[in-house]
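*Asks:* Sharing a sequence plus its predicted fold:
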Amino acid sequence: ITKERVDSEEFVEADDEGSATVPYLISVSSEGYEDSGFELSGSITVENPNMFETGWIVAEVEDTVTIEGLVCTVVDDDLNEDGTVTVAPGGSVVLDYSCTTEGVTAETAGENTAVLTWHDGERSASSGAVPVAFEVETETDKTVEVFDDEAVPGSEGELLGTVSWDEVEVGDESWSKDFEQELTFTVEPGTCETFVNTAWVVVTGENPQDDAEATVCHEADLLVSKTADASFDRTYLWDIAKEVDQSRITVAHDGGAPSFEYLV
C-alpha cells in the first residue's frame, strides 16, 4: 500500500477561517500469493468377497504415487504388527494413508495407486490409478479491508473500501486499486501544523501501511498600531524703540540743568 498527497506543495495555505483541504491517493497493489500447508492423504478400502469360512485373507498393502520424491505410508490401527491387513470373509477394512509433500506446488499432479498382495505374492489386486491434483482448501486474506486514520493516530480508522484478489489483473505489475481521499485540517492563525495521515490494509499478521504528511499554515493579518507626535519650535521676537520729547534744548546762562522726557 502507498499513500501520497495529490498536490506537491510543501506547505498548504489555509483559508481565512484557518481551514485547508488536502487531497490524497491511496493505492493498494498485489504481491501475489503464497501457498503452504500441502497435504496428501486418503483411504484405501479393502473388501473380501469370499463368503466361505476359510476365506480369510492376510495381505500386504502398498500405496504409491507417481509424483517424484513423494513417499506414501499406510498407517492404521487395523494393520497387523507386521504391516499386513487381515480381511474376514465377506468383510471390508478401510485403511488410512498419507504422503510426504516436500517440494510440491499448486500445479503438481500425478496418480496414486494402492496394491495388495497375498499368498506370498502369488495374488494381487490394485485400486487402479487415482488422479492427484492439489486443490485450495483454505484461502486467507483473499479479500481485505483498507482503513485510514484520517490523521488521528491510534484510532480505529475509517473504512475506505475493500480489495479482492478477483480484481487483480494477474501479470500486470502496475496494477493497483486506488482510493481517493480529501481531508480538511484547521490551524490557529499565525501557526503551522503538520498532520500525519496513515492508511493500512488489514491482513493476517502485520498490516502493510503507509503515511503521508501535510503541513498547513494559517497566515495571520498584520497587526498595525501607531502614535502621532506633532510639535514645532517657537522663537519669540522682540524690538525696542526710544523717543525723546525734544531733541534740542538751549541752556540758560545761569547754568540750570536741562530736562528731557523719554518714552521707551
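*Replies:* Sure, I can see it. No experiment lies behind these values; they were computed from the predicted model shown. Residues are numbered from 1 along each chain as shown.

*Asks:* check contacts around Ser176.
*Replies:* Contacts here follow C-beta atoms under 8 Å, 6 or more residues apart in numbering; on that basis Ser176 touches 27-29. Heads up, the C-betas are built off the backbone N, CA and C, glycines and all.

*Asks:* Report pLDDT for it.
*Replies:* For Ser176, the model assigns a pLDDT of 95.

*Asks:* related to what we said a few turns ago, mark which of the contacts of Ser176 are buried, thanks.
*Replies:* Val28 (16 or more other C-beta atoms under 10 Å).

*Asks:* which one of the contacts of Ser176 sits closest to Gly161?
*Replies:* Nearest to Gly161 among those: Val28, at 9.0 Å, using C-beta to C-beta.

*Asks:* Next step: the contacts of Ser176 restricted to strands.
*Replies:* 27-28 (DSSP state E).

*Asks:* can you pull out the strands in the stretch 101-250 of the chain?
*Replies:* Taking DSSP state E, counting those that start in this stretch, the strands of the stretch 101-250 of the chain run over residues 109-118, 123-126, 130-133, 143-148, 158-164, 177-186, 191-202, 209-218, 243-244.

*Asks:* export those to a markdown table and tack on distance to Thr21 and mean neighbour count?
*Replies:* As requested, these are arranged in a markdown table below (distance: least, C-beta to C-beta, whole Å; neighbours: other C-beta atoms under 10 Å):
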| stretch | distance to Thr21 | mean neighbour count |
| --- | --- | --- |
| strand 109-118 | 56 | 17 |
| strand 123-126 | 74 | 12 |
| strand 130-133 | 54 | 12 |
| strand 143-148 | 15 | 18 |
| strand 158-164 | 16 | 14 |
| strand 177-186 | 5 | 14 |
| strand 191-202 | 12 | 17 |
| strand 209-218 | 10 | 17 |
| strand 243-244 | 92 | 10 |
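
*Asks:* Now tabulate those strands in JSON lines and tack on distance to Thr54.
*Replies:* JSON lines is the format used below for those (distance: least, C-beta to C-beta, whole Å):
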{"stretch": "strand 109-118", "distance to Thr54": "14"}
{"stretch": "strand 123-126", "distance to Thr54": "15"}
{"stretch": "strand 130-133", "distance to Thr54": "32"}
{"stretch": "strand 143-148", "distance to Thr54": "62"}
{"stretch": "strand 158-164", "distance to Thr54": "63"}
{"stretch": "strand 177-186", "distance to Thr54": "71"}
{"stretch": "strand 191-202", "distance to Thr54": "67"}
{"stretch": "strand 209-218", "distance to Thr54": "74"}
{"stretch": "strand 243-244", "distance to Thr54": "182"}
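
*Asks:* Worst mean pLDDT among these?
*Replies:* strand 243-244 has the lowest average pLDDT among these, namely a mean of 83.

*Asks:* what helices or strands is that one leaning on?
*Replies:* Applying 3 or more C-beta pairs under 8 Å, 6 or more residues apart in numbering; DSSP states H and E, we find strand 243-244 packed against strand 262-263.

*Asks:* So what are the sheet partners of the strand it packs on and their directions?
*Replies:* If you go by DSSP bridges, strand 262-263 pairs up with strand 243-244 (antiparallel).

*Asks:* And the contacts of the partner strand?
*Replies:* 260-264.

*Asks:* Stretch 65-73 too?
*Replies:* 40, 63-64, 97-104, 108-113, 129, 132.

*Asks:* Look up the closest residue to Glu156, ignoring the ones flanking it.
*Replies:* Phe147 (7.6 Å; C-beta to C-beta, 6 or more residues apart in numbering).

*Asks:* surely that neighbour meets Pro208?
*Replies:* No: judged on C-beta atoms under 8 Å, Phe147 makes no contact with Pro208 at a distance of 11.4 Å.

*Asks:* Which of the helices or strands spans Asp96?
*Replies:* Taking DSSP states H and E as the definition, Asp96 sits inside strand 92-99.

*Asks:* For that strand, which strands pair with it and how are they oriented?
*Replies:* strand 40-47 (antiparallel), strand 72-74 (antiparallel).

*Asks:* Which strands or helices does whichever helix or strand comes after the shortest one pack on?
*Replies:* In other words, strand 72-74. The first helix or strand that comes after strand 72-74 along the chain, using DSSP H and E, is strand 84-87. Secondary-structure packing of strand 84-87 (3+ C-beta pairs under 8 Å, 6+ apart): strand 40-47, strand 57-65, strand 92-99.
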